[in-house]
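# Predicted structure and sequence below. I'll ask about it afterward.
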Amino acid sequence: MHRQGPAGKKGAEGEAEATGRNPTDRGKSGTKRHLLTDGRGLPLSIVLTGANRHDMKMLEPLLDGCVIARPEQAPEEGYNLCGDRGYDYAKCREAAEAREYTVHIPKKASEAKPLPPPGDPDRHPPRRYVVEVCHSWFNRFRRVLVRWEKRASLYLGFVQLAATLIIYRKLRKLRALSG
């Protein structure tokens, strides 16, 4: 059909195929993985969008897309949700609190209140490394690191397969250590 090309080309579907102009790569078409992990870094939820999509707009689908049901009895400390400064919006905090999470999102820096230096007790403790480690595990799969698929459903299938392998490998290692 006329003017129906792959994502990123003239007349392509863009958002429907989870692609968008990448602001860090000269406007080339790209995909972003939004990722929710547990405390050990195991993936619980993945949402694909275009590279130009803001993280805060995808928090609700990310929280609702969790594949593992939470236990009916909440732990004593409750459920915690740690995010980076990109989620410092009232809408994000409300969405997380509506799902019974205790929100740990550092405030954005401003001219009136700059970030405290590292080591200062007022500085928010770094917790984001768990998610970054999980992204690193995904990037070890070449098929996931570079997207070759035009359809988002095919790419999502490879991402989900990679998540399954990551979980299997980590649980196998834990089982070997405990046995």
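The structure has been received and is ready for your questions. Residues are numbered from 1 along each chain as shown.

# can we go C-alpha only for contacts and neighbour counts from here?
OK.

# counting contacts, what elements does the lengthiest helix in the chain pack onto?
Counting by DSSP state H, the longest helix found in the chain is helix 152-178. Contact here means 3 or more C-alpha pairs under 8 Å, 6 or more residues apart in numbering; DSSP states H and E; on that basis helix 152-178 packs against strand 43-50, helix 129-139, helix 142-145.

# ok, S45 - contacts?
35-37, 62-63, 65-67 (C-alpha atoms under 8 Å, 6 or more residues apart in numbering).

# Turn those residues into a markdown table, including secondary structure, neighbour count and pLDDT.
Compiled in a markdown table, the contacts of S45 are given as follows (DSSP: H, G, I helix; E, B strand; the rest coil; neighbours: other C-alpha atoms under 10 Å; pLDDT from 0 to 100):
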| residue | secondary structure | neighbour count | pLDDT |
| --- | --- | --- | --- |
| L35 | strand | 21 | 93 |
| L36 | strand | 24 | 92 |
| T37 | strand | 18 | 91 |
| L62 | helix | 18 | 93 |
| L63 | helix | 19 | 93 |
| G65 | coil | 14 | 91 |
| C66 | coil | 16 | 90 |
| V67 | coil | 11 | 84 |
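
# and which of those is nearest Y155?
L35 (15.0 Å; C-alpha to C-alpha).

# what's the closest non-adjacent residue to the closest one?
I46 (4.8 Å; C-alpha to C-alpha, 6 or more residues apart in numbering).

# Name the surrounding residues that touch stretch 167-174.
Counting by C-alpha under 8 Å, 6+ apart, 42-43 sit against stretch 167-174.

# And it, what's buried?
I167 (16 or more other C-alpha atoms under 10 Å).

# do the same with stretch 150-162
152, 155-156, 158-160, 162.

# Likewise for stretch 23-42?
Quick answer for stretch 23-42 (16+ other C-alpha under 10 Å): 29-37, 41-42.

# before we move on, back to that, for K107, state which of the buried residues of stretch 150-162 is nearest.
Once C-alpha to C-alpha is applied, the member of the buried residues of stretch 150-162 that ends up nearest K107 is V159, at 31.3 Å.

# partners of the least confident helix or strand in the chain by mean pLDDT, with directions?
Within the chain, no helix or strand scores below strand 20-21, which has a mean of 82 by mean pLDDT, DSSP states H and E. Partners of strand 20-21 in the sheet, by DSSP bridges, are strand 29-37 (antiparallel).

# and the residue nearest to R93 when sequence neighbours are not counted, bridged to which residues?
Excluding the flanking residues, the one nearest R93 by C-alpha to C-alpha, 6+ apart is V103, at 6.7 Å. Beta-bridge pairing for V103 (DSSP bridges): L81.

# Over to T37?
P43.

# wouldn't it be in contact with I46 here?
No. Using C-alpha atoms under 8 Å, T37 makes no contact with I46, being 9.1 Å away.
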